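Participant: Here is my input, please return the structure:
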Amino acid sequence: MATTPEHISVLKELTGEVISAKMEKTIVVQVERRMPHPKYKKIIRLRKKFYAHDEEKKAKEGDMVRIVACRPLSRLKRWNLVEVVKQAESKAEVLV
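Facilitator: Below is the predicted model of the structure:
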């Protein structure tokens with residue numbers, strides 16, 4: 001079977017908030033999803049943290065970012081930063 005664009009799998013993409021950017025070229029992204037509770041059917045929020053590679057150090061804490069799955073880069077890193085969707089408001093802007 002030939003590998004045409006229809007047969008190439010879509011890369012897994014997630015959008016979340018950067019909760020830590022203190023490491024060298026690594027960010028921690030918290031992704032939140034909503035689903036009904038299996039028994040009680042109430043909508044609950046589930047959160048999960050992903051470690052992502054940020055080569056240019058573009059993301060800061062509080063930014064909304066898009067990450068894409070990649071090969072394992074370290075023990076925890078399996079994601080790459082694609083883009084910063086929304087910049088976080090700086091503290092100086094909030095005080096003014």
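
Participant: Every contact and neighbour count from this point should use C-alpha atoms.
Facilitator: Noted.

Participant: Direction included, what does the host helix or strand of residue 22 pair against?
Facilitator: Assigned by DSSP states H and E, residue 22 belongs to strand 13-23. Strand 13-23 sits in its sheet next to strand 26-36 (antiparallel), strand 64-69 (antiparallel), going by DSSP bridges.

Participant: closest to residue 43 out of the ones you listed?
Facilitator: strand 26-36 (4.2 Å; Cα to Cα).

Participant: What is the subsequent helix or strand relative to the closest one?
Facilitator: strand 43-53.

Participant: Check which helices and strands that following strand sits against.
Facilitator: Contact analysis of strand 43-53 by 3 or more Cα pairs under 8 Å, 6 or more residues apart in numbering; DSSP states H and E lists strand 26-36, strand 79-86 as its packing neighbours.

Participant: before we move on, back to that, okay, the strands paired with strand 13-23, which one's buried deepest?
Facilitator: strand 64-69 (a mean of 20; mean count of other Cα atoms under 10 Å).

Participant: Pretty sure residue 26 sits against residue 51.
Facilitator: Yes. If you go by Cα atoms under 8 Å, residue 26 and residue 51 touch, sitting 6.7 Å apart.
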